[in-house]
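# sequence? don't have it. structure:
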């Protein structure tokens, strides 16, 4: 049996990313109803909102789901941990990233939950495994939002992490359909995590303007907003991203750029719909997304596409 499915109590190893500001309960439930693993995101949410979305997810699915805690995006994540402890019999796992997980992994496991840790290098993956991570989610440079400073692509990252750890790994970044899922699993992943694909769904609470921008995206429609904030931030190209890049050329200091890449500008575009006045996290796969569908439908289709491809006998020679 697939180890990811066994650990997370799901049918297919397809995981929804944390999705800052727009990782809502209805979306998490839809992913889980499709047989995958939905997650309620805490980034950009008050503890009250976080708790409310967990309850919405619980009311909307009988299947397993989890929550996401991006460490550096919370000045104090203690209230969120209290909520996780309160609902430990409802959720199955907690994914953590954007910071050192050493203090969180023991808490997660002491509460009987699985710990998923987001990494971007083989070295960090090894460290996460030693700390007790149950699953490593290694994210390539193709992914939307904040990425690791090493800028390893998914294609090169997965086999290196596979060589470095013994726990199951999940590929993130550049995953959008059954074909990319199979590619990741051939490289050594036992599951995949999708972000941008799940934003462009009926259940996601992202603004319609943001969803429309994803559907209209071309292959070169994303850019790196800046590399000054602990690593690159991949976003949709727009007037605001151009403004930030121009400002960085004039004054390439963290002090000058940091106020322009605060989460409020991310929320402005993604959640409030000012797609020109803020920046919208978006992966390079956006151009492969052509339709707004239910997340449940997407999970089922990706799984079926992957099964069909894995059953295909690829001819490598004329012999």
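Right, received. Where do you want to start? This is a predicted model, so every value here is computed, not measured.
# isn't residue 169 up against residue 163?
No. Assessed by CB atoms under 8 Å, residue 169 is found out of contact with residue 163, at 10.5 Å. All C-beta atoms are positioned from the backbone trio N, CA, C, and that covers glycine.
# okay, and the common contacts of the two?
Listed as contacting both residue 169 and residue 163 by CB atoms under 8 Å, 6 or more residues apart in numbering are residue 188.
# okay, these two: which has more neighbours?
Using other CB atoms under 10 Å, the more surrounded residue of residue 169 and residue 163 is residue 169, with 27 against 10.
# which strand residues bridge that one?
Under DSSP bridges, the beta-bridge partners of residue 169 are residue 136.
# now the helices for the stretch 51-200 of the chain?
If DSSP state H, counting those that start in this stretch is used as the criterion, the helices of the stretch 51-200 of the chain fall at 78-86, 104-110, 122-131, 154-164, 178-187, 196-199.
# just say which of those is most tucked in.
Each of the helices of the stretch 51-200 of the chain was given a mean neighbour count from mean count of other CB atoms under 10 Å, and the largest, a mean of 28, is that of helix 196-199.
# which helices and strands does that helix pack with?
When contacts are defined as 3 or more CB pairs under 8 Å, 6 or more residues apart in numbering; DSSP states H and E, helix 196-199 packs onto helix 208-216, helix 295-310.
# which stretches of the stretch 201-319 of the chain aren't confidently modelled?
Scanning the stretch 201-319 of the chain for pLDDT under 70 picks out 313-319.
# show me where it has helices.
208-216, 239-250, 254-257, 263-270, 295-310.
# how close does residue 242 get to residue 270?
In this view, residue 242 and residue 270 are 18 Å apart by CB to CB, to the nearest Å.
# my bad, should have said residue 12
For residue 12 relative to residue 270 (CB to CB), the value is 27 Å.
# please say which of the two ends up with more neighbours.
More crowded of residue 12 and residue 270, by other CB under 10 Å: residue 270, with 33 against 22.
# which ones are touching the more buried one?
Residue 270 touches 20-22, 199, 206-207, 210, 278, 280-281, counting by CB under 8 Å, 6+ apart.
# so residue 140 sits right up against residue 150, yeah?
No. Counting by CB under 8 Å, residue 140 stays clear of residue 150, with 10.2 Å between them.
# so what sits against both of the two?
In contact with both residue 140 and residue 150: residue 120, using CB under 8 Å, 6+ apart.
# closest to residue 188 out of the helices and strands packed on helix 196-199?
helix 295-310 (14.6 Å; CB to CB).
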